[in-house]
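Student: what shape does this take:
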Amino acid sequence: MANRSSEVDAGILYKDIISFYYPGTALVTYYQSVPEPAIVNEVTDKDTSVTGEAEPGSTVEVKVSRVTIGSATPGTDGKFTVVIPVQVAGTELAITATDKVGN
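Tutor: Residues are numbered from 1 along each chain as shown. Next up, the predicted model:
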């Protein structure tokens, strides 16, 4: 998955302790678009992990009834494995991937 961030110099004003302002610049990194959706492999009632691919460095969470049962961070290749307890057939898993800026 491609890195979709950019860096730009931004003009800012620094304020000292007696309220004098000084011009300056700061390097700001921002995301241009939201990341690609995560790819999640099939999970059965015999599995003890959820696997797939998401943006490297993001956080992948697996929830049942709004309760987190496991989480993982994809490696530089984007692949992740979240260890979970075996689930009863028919259990709905909510699987989300959130990047470093909260997307």
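
Student: got the contact list for S58?
Tutor: Residues near S58 by CB atoms under 8 Å, 6 or more residues apart in numbering: P35, A38, T73, P74, A97, T98, D99, K100. To be clear about C-beta, it is placed using only N, CA and C from the backbone, and glycine gets the same treatment.

Student: this structure: strands as residue ranges?
Tutor: With DSSP state E as the criterion, the chain has strands at 5-15, 21-31, 39-40, 49-53, 59-64, 67-72, 79-83, 94-98.

Student: let's have these in CSV, adding mean pLDDT and mean neighbour count.
Tutor: Shown next, in CSV, are the strands of the chain (pLDDT from 0 to 100; neighbours: other CB atoms under 10 Å):
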stretch, mean pLDDT, mean neighbour count
strand 5-15, 73, 10
strand 21-31, 76, 10
strand 39-40, 96, 16
strand 49-53, 98, 18
strand 59-64, 97, 18
strand 67-72, 98, 16
strand 79-83, 98, 18
strand 94-98, 95, 17
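
Student: still on that earlier bit, scan the contacts of S58 and report the most crowded one.
Tutor: Compared across those, A97 has the highest neighbour count, 24 neighbours, by other CB atoms under 10 Å.

Student: what bridges to that one?
Tutor: Counting by DSSP bridges, A97 forms beta bridges with V60.

Student: might one say that it is in contact with G57?
Tutor: No: taking contacts as CB atoms under 8 Å, A97 lies outside contact range of G57: 10.5 Å.

Student: any shared contact partners between these two?
Tutor: Common contacts of A97 and G57, defined by CB under 8 Å, 6+ apart, comprise P74.

Student: rebuild the contacts of S58 as CSV, extending it with distance to V62.
Tutor: What follows is the contacts of S58, written out as CSV (distance: CB to CB, whole Å):
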residue, distance to V62
P35, 18
A38, 11
T73, 13
P74, 13
A97, 11
T98, 13
D99, 17
K100, 19
